[in-house]
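> sequence first, then the predicted structure, then my questions.
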There are 2 protein chains.
Amino acid sequence: MTLDLASLKQSIEHALSQHLPATSDIAPALVDAMRYAALGGGKRLRPMFTCAAATALGGNLDKALPAACAVELVHTYSLVHDDLPAMDDDELRHGKPATHIAHGEANAILAGDALLTLAFELLTELPGLTPNQRLACVRTLAAAAGWQGMVGGQVLDMALPEHASARVDQRCLEALHAAKTGRLIRASVLMGGQVAGAALPVLEQLETFADAVGLAFQVRDDVLDVTGTTEELGKPAGSDIQGNKHTFVQLLGVEGANRYADELLQRALDALTGLTLAHDGLQQLANRAVNRSY
Amino acid sequence: MTLDLASLKQSIEHALSQHLPATSDIAPALVDAMRYAALGGGKRLRPMFTCAAATALGGNLDKALPAACAVELVHTYSLVHDDLPAMDDDELRHGKPATHIAHGEANAILAGDALLTLAFELLTELPGLTPNQRLACVRTLAAAAGWQGMVGGQVLDMALPEHASARVDQRCLEALHAAKTGRLIRASVLMGGQVAGAALPVLEQLETFADAVGLAFQVRDDVLDVTGTTEELGKPAGSDIQGNKHTFVQLLGVEGANRYADELLQRALDALTGLTLAHDGLQQLANRAVNRSY
């Protein structure tokens, strides 16, 4: 069966809007900044992975949506903080002014903090799950997002350009991206499995799938930074070169990087072999994540 | 029985050090900044409240310590972010350079993010508790720390000085501080009760106690900003006046604010009436929080 990704994306946008605060007596400016950051566009790949994994394994979409929103809130907060002047200093996100440009730097820092906190609050209320399943989701998301995962990867990413002349090998670059983007993509797929009550061997297959997709996504991202336009990307093209970033294009060339992304995509699809899936959503999303033009 | 607060503080410092990451293959600079921020001093009032509440109600200190650490990590992250140039722009914290001065602004933002995330991860592993008790702690902490609590209060606090000429009444100022500092102090006491498995009516008494202590703490804080020295405070004295902040001293005068703090302390102590407590730790801490000289 084919999963309708466009309709899934709409469900996620709707759920996100519902789970974000709408008003606040004490700090309406904070709520505005949170909603601006979270509802201002984006591919919604991570929450689609959560929902697709859950429903492919027989789980209920309504149970998966709040967990999917939690993943997207964490992703959103990380973009808001990464765009700050003290970090990547990007003024454009999803083709619009970054949150700190539109709402001021202080509100952007605090909106990021609030989005991260809200993600964990959402997970405590996952409907129709046992307390143990909810706790597993909190643990999965926290370990993926924290010092050992996403935040650690961002620190490493910022530290490397200082050593632009140093040789950074492929192993090091893959460790960076496994932490910076891979762990959260893995968490988004795993939480889908956890919501559906999947057994450990199934979760392990999902993990292999997600890790290959996450790396392929990043390899293609490096290519697109070189070959895409600012308009297509919704952020400044060529920013990796300007920022002295180490990339897979630098290591493998455009063609080599593209070939590697294709290999990784195949590895991801192979990891699903033997699973009985209710639809092709995971495969579709893997293809979309890797074979996108922006 | 008298609770030994000095020894409790030592236990908390030790537990904090144990629960923080010690090394990282990918981002040692992040781990350094996290440890600098979290182990660089502080009164440890909030985690002492958690431990005192838990053990006063017959709970085990070992069960309470990780929850206490989680509260302190959230408090620490909030200080790291509040001190940033885009926020309060304070260069001194606990008598030492603020985290962004010592470790750079980007690492300070990310260390704050990682401390917040680690707090929730810790709560998923609370030893000897049921999954439901752990989830209750996650929910209590997230709701206290997020948009409806601490972060919301900080946004309001930064917005008010722009209206320094406007009349801010006592009700508004109390709502600000209930969100900015009160909610986390309430959470620290409540989580102690939750760890000890306290019944709902007991938790309600603890809440009344904590809310009165939290407000009294802030009222005295406003007084100390006027009457203390930079050396005593470990941060610049008089910063409220310089920052055009609205304070209880402004509303009530130094004497009136001191009298109000004493009244609130009495209200807090009265709230504990009727509870069978194993020691006087909560009363001692309430006194220390309100009758401090720095």
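Happy to help now that I have it.
> residues in contact with A:Leu73?
Applying C-beta atoms under 8 Å, 6 or more residues apart in numbering or on different chains, we find A:Leu73 in contact with A:16, A:19, A:38, A:115-116, A:118-119, A:122. Backbone N, C-alpha and C define where each C-beta goes, glycine included.
> could you measure it against A:Gly112, distance?
10 Å (C-beta to C-beta, to the nearest Å).
> over to A:Ala136?
For A:Ala136, the distance to A:Gly112 - C-beta to C-beta - is 25 Å.
> among the two, which residue is more densely surrounded?
Taking other C-beta atoms under 10 Å in any protein chain shown, A:Ala136 and A:Gly112 do not tie; A:Gly112 has more neighbours (30 against 21).
> which helix runs longest in chain A?
helix A:200-227 (DSSP state H).
> looking only at pLDDT, what's the mean for that helix?
For helix A:200-227, mean pLDDT rounds to 95.
> so what does that helix touch, helix or strand wise?
Here helix A:200-227 touches helix A:45-56, helix A:170-177, helix A:183-195, helix A:230-233, helix A:239-242, helix A:248-271, helix A:281-290, going by 3 or more C-beta pairs under 8 Å, 6 or more residues apart in numbering or on different chains; DSSP states H and E.
> and of those, who's closest to chain B?
When the helices and strands packed on helix A:200-227 are compared by C-beta to the nearest C-beta, helix A:170-177 sits nearest chain B, at 6.1 Å.
> what are the buried residues along that closest one?
Burial within helix A:170-177, assessed by neighbour count using 16 or more other C-beta atoms under 10 Å in any protein chain shown, is assigned to A:173, A:175-177.
> rebuild the residues you listed as TSV, extending it with distance to A:Gln10.
Shown next, in TSV, are these (distance: C-beta to C-beta, whole Å):
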residue	distance to A:Gln10
A:Leu173	36
A:Ala175	36
A:Leu176	34
A:His177	30
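> let me know the closest of these to B:Asp222.
B:Asp222 lies nearest to A:Leu176 out of those, by C-beta to C-beta, at 46.0 Å.
> can I assume the closest one is in contact with B:Ile26?
Yes: if you go by C-beta atoms under 8 Å, A:Leu176 and B:Ile26 touch, sitting 7.0 Å apart.
> overlap of the contact sets of those two?
Counting by C-beta under 8 Å, 6+ apart, the residues touching both A:Leu176 and B:Ile26 are A:153, A:156.
> chain B next: which of the buried residues of helix A:170-177 are close?
Restricting the buried residues of helix A:170-177 to those touching chain B (C-beta under 8 Å from any C-beta of the partner chain) yields A:175-176.
> how about a markdown table for the buried residues of helix A:170-177, with pLDDT added?
Shown next, in a markdown table, are the buried residues of helix A:170-177 (pLDDT from 0 to 100):
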| residue | pLDDT |
| --- | --- |
| A:Leu173 | 91 |
| A:Ala175 | 93 |
| A:Leu176 | 93 |
| A:His177 | 93 |
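> report the separation between A:Leu135 and chain B.
A:Leu135 sits at a distance of 5 Å from chain B (criterion: C-beta to the nearest C-beta, to the nearest Å).
> in which helix or strand would I find A:His14?
Assigned by DSSP states H and E, A:His14 belongs to helix A:5-19.
> tell me the SS of the residue nearest to A:Ala175 when sequence neighbours are not counted?
Distance criterion C-beta to C-beta, 6 or more residues apart in numbering or on different chains; nearest residue to A:Ala175, sequence neighbours excluded, is B:Ile26 at 6.1 Å. When classified by DSSP: H, G, I helix; E, B strand; the rest coil, B:Ile26 comes out as coil.
> just checking, B:Ile26 touches A:Glu174?
No: here B:Ile26 does not reach A:Glu174: they are 11.3 Å apart, not a contact under C-beta under 8 Å.
> just flag the most distant two among the contacts of A:Leu73.
Spatial extent of these (C-beta to C-beta) is set by the pair A:Leu16 and A:Leu116 at 14.8 Å.
> between those two, tell me which one has more neighbours.
With neighbours defined as other C-beta under 10 Å, A:Leu16 and A:Leu116 compare such that A:Leu116 has more, 29 against 22.
> burial check on A:Val195, number of neighbours?
A:Val195: 30 surrounding residues under other C-beta under 10 Å.
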